[in-house]
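Colleague: Would you be able to build a 3D model of this:
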Amino acid sequence: MTSLVIAELSGGALLPATLNTVSAAAAIGSDVHLLLVGAEVEEAAVAASRLQPVSQVYVACGPQFAEPLAENMQRQVLDFLARREGQYQAVLFPATSFGKNCAPRVAAKLDVFQVSDITGVVDASTFERPIYAGNAIATVRSDDAIKVITVRPTAFPPADSGEACRIEHCEAVEGTAAAAFVSRRVTQSDRPDLQSAGIVVSGGRALGSAQAFDDIVNRLADKLGAAVGASRAAVDAGYAPNDYQVGQTGKIVAPKLYIALGISGAIQHLAGMKESGVVVAINKDPDAPIFSVADYGLVADVFDAVPELIRKL
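Modeller: Predicted structure coming up:
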């Protein structure tokens, strides 16, 4: 049997989370196919065809897919599966905003149980996923004929590139009249992408203001060439935009180095960064929960420690 990965695209480019999802699909079955849905996907299709062990890339192209509306994605995926009934044992999406938006619709229409946010594959029907904010791992089994799965990208290595496989264009469905794309507001940044960065510097509510967040967190991140993250409390207080949020209700990150500045370490935040390679925490509260997961901890005021660190860097 074969697994089907639904690729995530942005501006016609293949996003990194797709590579991790391919690795998860490979752990389920030896044969992996990839479906790209978009308006201009030629370059992404070529890049996808080189991913190992993808053996077939399908492309559904049309102006109705210029924006990845979940309603249109659901229609395209279901039509694709209906035309190839019985061919696929699993359909996998990255557990990003894109995947979390589209996968439940596909699972509901197929009338199957969705396996969410998997971090491990036991066998073709059994998977591991975190529960209780990552403090426990549940092993779940699905006996559905076709499984709809979202994959936590940080739990699987990115797929390697190799010899290109065949690319085939498939039937594109018409767009839905029930929903229309209106506008998109994106935070522009020259820094690395938060979910794929090797170094992340995050700030918490203790910074006290958006100006202090910029002076402390952003300056250190610029010095290290790092991505910027924030706790939910900092985002709710308006110190940082929503797409900086790290945590159970934000983005899951696993950089080689994670620096937490003025973050107490609420359980929902720890769930989003505890898989980081090395965790460095600076907080003036010696009993802050963040120190329980930190490899290196400094009990100090971030307004004293960080400017000194920046000067020495």
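
Colleague: and the gap between residue 277 and residue 200?
Modeller: Residue 277 sits 11 Å away from residue 200 when distances are taken as Cβ to Cβ, to the nearest Å. All C-beta atoms are positioned from the backbone trio N, CA, C, and that covers glycine.

Colleague: overlap in contacts of the two?
Modeller: Taking Cβ atoms under 8 Å, 6 or more residues apart in numbering as the contact definition, residue 277 and residue 200 share the neighbouring residues 255, 257, 258.

Colleague: which residues sit in contact with the residue nearest the centre of the chain?
Modeller: With distances taken as Cα atoms, centre = their mean, residue 96 lies nearest the centre of the chain, 4.0 Å away. For residue 96, the set of contacting residues under the criterion of Cβ under 8 Å, 6+ apart consists of 8, 15, 17, 153, 195.

Colleague: any idea which of these is least confident?
Modeller: In terms of pLDDT, the weakest of the contacts of residue 96 is residue 195, which scores 86.

Colleague: I'd like the average pLDDT over stretch 80-95.
Modeller: The average pLDDT within stretch 80-95 is 96.

Colleague: How far off centre is that stretch?
Modeller: When C-alpha coordinates are averaged (Cα atoms, centre = their mean, to the nearest Å), stretch 80-95 and its chain have centres 20 Å apart.

Colleague: Ends of it, what's the gap?
Modeller: 21 Å (Cα to Cα, to the nearest Å).

Colleague: my read: residue 112 touches residue 144, true?
Modeller: Yes. Under the criterion of Cβ atoms under 8 Å, residue 112 makes contact with residue 144 at 4.2 Å.

Colleague: quick revisit: neighbour-wise, give me the winner out of the shared contacts of residue 277 and residue 200.
Modeller: Sorting those by how many neighbours each has (other Cβ atoms under 10 Å) puts residue 258 first, at 28 neighbours.

Colleague: give me every residue that touches it.
Modeller: Remark: with contacts taken as Cβ under 8 Å, 6+ apart, residue 258 is in contact with 199, 200, 202, 273, 276, 277, 278, 279, 280.

Colleague: about what we covered before: residue 277 and residue 200: who's more crowded?
Modeller: Shown here are residue 277 and residue 200; by other Cβ under 10 Å, residue 200 has more neighbours (28 against 12).

Colleague: tell me the SS of the more buried one?
Modeller: Per DSSP: H, G, I helix; E, B strand; the rest coil, the secondary structure class of residue 200 is strand.

Colleague: separation between it and residue 228?
Modeller: As for residue 200, its distance to residue 228 is 7 Å (criterion: Cβ to Cβ).

Colleague: Residues that sit against both of those two, list them.
Modeller: The overlap between the contact sets of residue 200 and residue 228 (Cβ under 8 Å, 6+ apart) consists of residue 194.

Colleague: if we can go back for a sec, looking at the contacts of residue 258, spot the one nearest residue 102.
Modeller: Closest to residue 102 out of the contacts of residue 258 is residue 273 (25.4 Å), distances taken as Cβ to Cβ.

Colleague: what sits against the closest one?
Modeller: Contacts were defined as Cβ under 8 Å, 6+ apart; by that measure residue 273 touches 200, 202, 229, 246, 247, 252, 253, 254, 258, 260, 279.

Colleague: Are we agreed that residue 303 is in a strand?
Modeller: No. Counting by three-state DSSP, residue 303 is not part of a strand but helix.

Colleague: Below-threshold pLDDT in the chain: ranges please.
Modeller: In the predicted model, the chain carries pLDDT under 70 at residues 187.

Colleague: can you pull out the helices in it?
Modeller: For the chain, the helices defined by DSSP state H occupy 16-28, 42-49, 70-82, 97-110, 210-213, 219-224, 232-236, 267-273, 302-312.

Colleague: thought residue 232 was touching residue 250?
Modeller: Yes. Taking contact to mean Cβ under 8 Å, the distance of 6.5 Å between residue 232 and residue 250 places them in contact.

Colleague: wait, what's in contact with residue 127?
Modeller: With contact set as Cβ under 8 Å, 6+ apart, residue 127 has these partners: 115, 118, 120, 121, 139, 140, 141, 142, 149.
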